[in-house]
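Q: sequence first, then the predicted structure:
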Amino acid sequence: MFRHLVFQVADSEIGIKLGSMSSKELKVALVGRPNVGKSTLFNRLTRSKKALVDPSPGLTRDVRQASVEIDGGTILLFDTGGLAAPKDADPIAELVYKQGLKFIEEAHRILLLVDAKQGITAADRQVADLLRERRLPFVVVANKVDNAEIELGIYEFYELGTDELIPISAEHGRGINKLKRILSGWAREAPKVQPEDQAPEATGEREDLIRLALIGRPNAGKSSLLNRLAGEERMIVTDIPGTTRDAIDTMIRRPDRTGVLITDTAGIRRRSKVRNRIEKFSVLKAIEAIRTSHIALVLLSAEEGITDQDKRLIGYTDEYARGCITLYNKWDLIRGDHALIRLRMQELKRAKRFVPYAPHLNISALTSRGLDRIFPMVDEVYRQFHTSTNTGTVNQILRQALAKRTPPIHKGHHVRLYYATQIRTGPPTFLIFANYPDYIPNQYKRFLVNQFREQLDIPHTPVRLVFRQRKRRK
């Protein structure tokens, strides 16, 4: 149904040009056993902090990608999970392994990372054997070479079957310039990506791409939904809660429509359930994704119903004034149970008490039911989110609102609203001058918000009001 081109991008502000997963672009994969520093090197080369970094092995699970321009050449860089042989008792490790192989086999060049401090290991040899069996070209990058003494001991890594050995320290930047020169040479050898193949870049308040944050509790089906929307197995999907740890960006190109950047976040659990520091960091990344998005897709489980944590997630969208679309996933599991359907809709109404403007869809990521309605709704919410109107219209709406209901008297003071103007979009924000701005009750503020939303025909976006005291004339 969808004709999408999918790729991973980094934030526009870090100075990296973004491109598509075109066959004209040189694909370079970072591979190696767990905890050799692949994500640290990925962050160093992309000049970002998009990949989670921690001493705990096996932190990276989903493949992260970024299109990077180095000295006039462009490469598409893959950060894969640790390529260790999966154990029978660890289904997630097996999925990480299979997904890593898929992306590695798509790569034109491979950087095999090893740990210079630990020396060559059986796991390093296993990865190298795997690459040679598939006849995949690779060079060995000895990471964690923090001083000359460590560098003297790296030559044993030639045993892995490489003609080139590159010593670096991804954490401290040692040897990175040499590695960049090698990458630049590879990139110049590859055909250039044409301008029409490039992704839109951020261009100010109203961007040329729609930023979506995909949020929900663990195991709500976020990764399954992303895979359906992207048209490929982009994310690892299991029935084990918490499979996704990091916030992963995926770009979807749409013919003749605005591109969509979807951030798939880690499932957010109750704070009492968040114990280890990696999961705590994942939660912070998820909340940051909401804050920097235009619209949050809040995925709820129709099978399990709405929990207090779901309500908190919806509350984050209100707190940061983001557009919000709620989605009941797994709707196919309760179809036909009319009593349960009524219960779920009642729960939803209560959960959306503070975001009544948020539209809703019932979907099934498993069967694709209702998925064709998601992007049209995203486009409409985004349009309303960036609505702009002239000052004359704004003041006409204010006058009509005052004619319907005047501000209440507060402690003997008559509150007067004089005039208003729109000061920004994303979301629509209006500045209203008053004689006693601090005396305006929240109930009347909500009334004004509803009037602006109704008169401007923007029912599905948050609206913000800022009140300021008018200077008294001398």
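A: Happy to help now that I have it.
Q: so what pairs up with Gly323 in the strands?
A: Ile295 (DSSP bridges).
Q: and it, how many neighbours?
A: Gly323 is flanked by 29 other residues according to other C-beta atoms under 10 Å. Yep, even glycine has a C-beta here, placed from its N, CA and C like the rest.
Q: again, but for Thr40
A: Thr40, neighbours per other C-beta under 10 Å, totals 20.
Q: for it, helix, strand, or coil?
A: helix (DSSP: H, G, I helix; E, B strand; the rest coil).
Q: which non-adjacent residue is nearest it?
A: Ala170 (4.2 Å; C-beta to C-beta, 6 or more residues apart in numbering).
Q: in contact with that neighbour: list those residues for me.
A: Residues near Ala170 by C-beta atoms under 8 Å, 6 or more residues apart in numbering: Gly37, Thr40, Leu41, Asn43, Arg44, Asn143, Lys144, Ile176.
Q: what pLDDT does the model give it?
A: If you check Ala170, the pLDDT there is 88.
Q: could I get stretch 307-323 in PDB with only the CA atoms?
A: Output in PDB follows, covering the C-alpha atoms of stretch 307-323 (Å, rounded to 0.1, in the frame of the first residue of the first chain):
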ATOM      1  CA  THR A 307      -3.000   2.000  32.600                       C
ATOM      2  CA  ASP A 308      -1.900   4.900  34.800                       C
ATOM      3  CA  GLN A 309       1.400   4.900  32.900                       C
ATOM      4  CA  ASP A 310      -0.400   5.300  29.600                       C
ATOM      5  CA  LYS A 311      -2.100   8.400  31.100                       C
ATOM      6  CA  ARG A 312       1.300   9.700  32.100                       C
ATOM      7  CA  LEU A 313       2.600   9.300  28.500                       C
ATOM      8  CA  ILE A 314      -0.400  11.200  27.200                       C
ATOM      9  CA  GLY A 315       0.300  13.800  29.800                       C
ATOM     10  CA  TYR A 316       3.900  14.300  28.500                       C
ATOM     11  CA  THR A 317       2.400  15.300  25.100                       C
ATOM     12  CA  ASP A 318       0.300  18.000  26.900                       C
ATOM     13  CA  GLU A 319       3.200  19.100  29.000                       C
ATOM     14  CA  TYR A 320       5.400  19.800  26.000                       C
ATOM     15  CA  ALA A 321       2.500  21.000  23.800                       C
ATOM     16  CA  ARG A 322       3.000  18.400  21.100                       C
ATOM     17  CA  GLY A 323       0.400  17.100  18.700                       C
END
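Q: related to what we said a few turns ago, okay, and which of the contacts of Ala170 map to helices?
A: Those of the contacts of Ala170 mapping onto helices are Thr40, Leu41, Asn43, Arg44, Ile176, per DSSP state H.
Q: what's the closest of those residues to Ser184?
A: Closest approach to Ser184 among these (C-beta to C-beta): Ile176, at 12.1 Å.
Q: beta partners of Arg369?
A: Ser364.
Q: count of residues packed around it?
A: So Arg369, with other C-beta under 10 Å, has 17 neighbours.
Q: surely it meets Trp331?
A: Yes - Arg369 lies in contact with Trp331 (C-beta atoms under 8 Å); the separation is 6.6 Å.
Q: which neighbours do those two share?
A: Jointly contacting Arg369 and Trp331 under the rule C-beta under 8 Å, 6+ apart are Asn362, Ile363.
Q: can you list the domains in this structure?
A: 19-197, 209-385, 391-469 (automatic domain parsing).
Q: just checking, what packs against the strand or helix carrying Ile252?
A: Element membership for Ile252 (DSSP states H and E) is strand 248-254. Counting contacts by 3 or more C-beta pairs under 8 Å, 6 or more residues apart in numbering; DSSP states H and E, strand 248-254 packs against strand 5-7, helix 222-230, strand 257-264.
Q: tell me what angle it forms with strand 257-264.
A: Calculated by axes from the mean of the first three to the mean of the last three C-alpha atoms, to 10 degrees, strand 248-254 forms an angle of 160 degrees with strand 257-264.
Q: quick one: mean pLDDT over strand 248-254.
A: For strand 248-254, mean pLDDT rounds to 77.
Q: sorry, back to before: tell me which of the helices and strands packed on strand 248-254 lies nearest to Glu159.
A: Comparing the helices and strands packed on strand 248-254 by C-beta to C-beta, strand 5-7 comes nearest, at 35.4 Å.
Q: what's the first helix or strand after that closest one?
A: strand 26-31.
Q: in that following strand, which residues are buried?
A: Within strand 26-31, the residues that count as buried by 16 or more other C-beta atoms under 10 Å are Leu26, Lys27, Val28, Ala29, Leu30, Val31.
Q: pick out the lowest-pLDDT one from those.
A: The lowest pLDDT within those belongs to Leu26, with 82.
Q: what residues are up against it?
A: When contacts are counted by C-beta under 8 Å, 6+ apart, Leu26 touches Gly73, Thr74, Ile75, Leu76, His108, Arg109, Trp186, Ala187, Glu189, Ala190.
Q: now the residues you listed: which count as buried?
A: If we count by 16+ other C-beta under 10 Å, the contacts of Leu26 have these buried: Gly73, Thr74, Ile75, Leu76, His108, Arg109, Trp186, Ala187, Ala190.
Q: contacting residues around the first one?
A: By C-beta under 8 Å, 6+ apart, Gly73 lies in contact with Leu26, Leu183, Ser184, Gly185, Trp186, Ala187, Arg188, Ala190.
Q: switch to 7 Å and redo it
A: Ser184, Ala187, Arg188 (C-beta atoms under 7 Å, 6 or more residues apart in numbering).
Q: for Gly82, report the pLDDT, please.
A: 62.
Q: ok, back up a step: pick out the most distant pair among the contacts of Ala170.
A: Pairwise over these, using C-beta to C-beta, the maximum falls at Asn43 and Lys144, 14.9 Å.
Q: end-to-end on stretch 104-123?
A: The first and final residues of stretch 104-123 sit 17 Å from each other (C-alpha to C-alpha, to the nearest Å).
Q: returning to what we had before: reformat the buried ones among the contacts of Leu26 as CSV; add pLDDT.
A: Output for these, formatted as CSV (pLDDT from 0 to 100):
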residue, pLDDT
Gly73, 70
Thr74, 77
Ile75, 82
Leu76, 83
His108, 85
Arg109, 86
Trp186, 80
Ala187, 78
Ala190, 58
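Q: Lys178 and Leu41, how far apart?
A: 13 Å (C-beta to C-beta, to the nearest Å).
Q: more neighbours: the two, which one.
A: The residue with more neighbours, out of Lys178 and Leu41, is Leu41; 26 against 12, by other C-beta under 10 Å.
Q: touching, that one and Leu30? I think so.
A: Yes - applying C-beta atoms under 7 Å as the test, Leu41 and Leu30 come out as touching, 6.1 Å apart.
Q: okay, and the common contacts of the two?
A: In contact with both Leu41 and Leu30: Leu113, using C-beta under 7 Å, 6+ apart.
Q: quick check: closest non-adjacent residue to Val298.
A: Per C-beta to C-beta, 6+ apart, closest to Val298 is Thr326, 4.9 Å.
Q: the one you found: what secondary structure?
A: Thr326 ends up strand, using three-state DSSP.
Q: ok, it - how many residues close by?
A: Using other C-beta under 10 Å: Thr326 sits among 24 other residues.
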